[in-house]
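In: what's the 3D shape of this:
(chains A and B)
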Amino acid sequence: DGGITQSPKYLFRKEGQNVTLSCEQNLNHDAMYWYRQDPGQGLRLIYYSQIVNDFQKGDIAEGYSVSREKKESFPLTVTSAQKNPTAFYLCASNNFRTDTQYFGPGTRLTVL
Amino acid sequence: GQQLNQSPQSMFIQEGEDVSMNCTSSSIFNTWLWYKQDPGEGPVLLIALYKAGELTSNGRLTAQFGITRKDSFLNISASIPSDVGIYFCAGLVTDKLIFGTGTRLQVFP
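Out: Model (predicted):
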């Protein structure tokens, strides 16, 4: 089954701990993206990567880090420097041929 | 960061009614996308538009790419209960999507 997977669906962490969210895609897409969504809000871009071993900051990159060692994988680390990390996190990948972005099911992170 | 102006913010309609929502921007886009998001899930792509003036349908959904390339609208005809959700527009700028703030749709039987 082709698509984008994010795990886990729900994640709880104590304040001050770093946490890594997984995103994997088997669509052979070059570009991958991380968004943050707060209740009742739209999507805000955290980081994106157009090719392996390269990534760029989005609009709200502070307190987050990413890596892109493989085409299929784009993990996001929420560090203790992120002041308000509780949110719904969405990963996406882009099909350059059709300029369309497809989303994973999301991870809801709650920091206690 | 930049966001698109999407309206209305929310709609409460009866089953069977038609729905219309739109997005406007001060910037020109080359591609417009419309997504639907169910609670707790990722957005699902509904329609993609690539040319100014383009009108595209997907079942009961119809979307248009504005002539000025600064706006787009989405129509849903004969709404049904499963149309409930949040609808987002998105415009493509170079390699990034700019998202609208969403339209929350409630359908009453």
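In: so where is chain B shaky, pLDDT-wise?
Out: B:1-3 (pLDDT under 70).
In: ok, which residues in it are in contact with chain A?
Out: Counting by Cβ under 8 Å from any Cβ of the partner chain, chain B comes close to chain A at B:1, B:3, B:30-31, B:33, B:35, B:40-45, B:48, B:50, B:88, B:90, B:92, B:95-97, B:99-102. Where you see a C-beta, it was placed from the backbone N, CA and C, and this is true even at glycine.
In: can you list the residues of chain A near chain B?
Out: A:4, A:6, A:31, A:33, A:41-45, A:48, A:50, A:58-60, A:88, A:90, A:92, A:94, A:98-106, A:108.
In: out of those, which are buried?
Out: Neighbour-count burial (16 or more other Cβ atoms under 10 Å in any protein chain shown) is assigned, among the residues of chain A next to chain B, to A:4, A:6, A:31, A:33, A:42-45, A:48, A:58-60, A:88, A:90, A:92, A:94, A:99-104, A:106.
In: which secondary structure elements does the biggest strand by length in chain B contact?
Out: Counting residues, the longest strand found in chain B (DSSP state E) is strand B:85-93. When contacts are defined as 3 or more Cβ pairs under 8 Å, 6 or more residues apart in numbering or on different chains; DSSP states H and E, strand B:85-93 packs onto strand B:19-24, strand B:32-37, strand B:71-76, strand B:96-99, strand B:103-108.
In: check contacts around the closest residue to B:R69 other than its chain neighbours.
Out: By the measure of Cβ to Cβ, 6 or more residues apart in numbering or on different chains, the closest residue to B:R69 outside its immediate chain neighbours is B:I28, 4.4 Å from it. Counting by Cβ atoms under 8 Å, 6 or more residues apart in numbering or on different chains, B:I28 makes contact with B:68-70.
In: For chain B, what's the nearest residue on chain A?
Out: Distance from chain B to each residue of chain A (Cβ to the nearest Cβ) is smallest for A:D59, at 3.2 Å.
In: in chain A, which ranges drop under the pLDDT threshold?
Out: Using pLDDT under 70, the flagged stretches of chain A are A:1-2.
In: need the strands for it, in chain order.
Out: Listed in chain order, the strands of chain A (DSSP E) span A:4-7, A:10-13, A:19-25, A:31-37, A:43-51, A:54-57, A:64-66, A:76-78, A:87-95, A:100-103, A:107-111.
In: how about these in TSV, adding distance to B:E17?
Out: TSV is the format used below for these (distance: least, Cβ to Cβ, whole Å):
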stretch	distance to B:E17
strand A:4-7	34
strand A:10-13	35
strand A:19-25	37
strand A:31-37	28
strand A:43-51	28
strand A:54-57	43
strand A:64-66	42
strand A:76-78	40
strand A:87-95	30
strand A:100-103	28
strand A:107-111	32
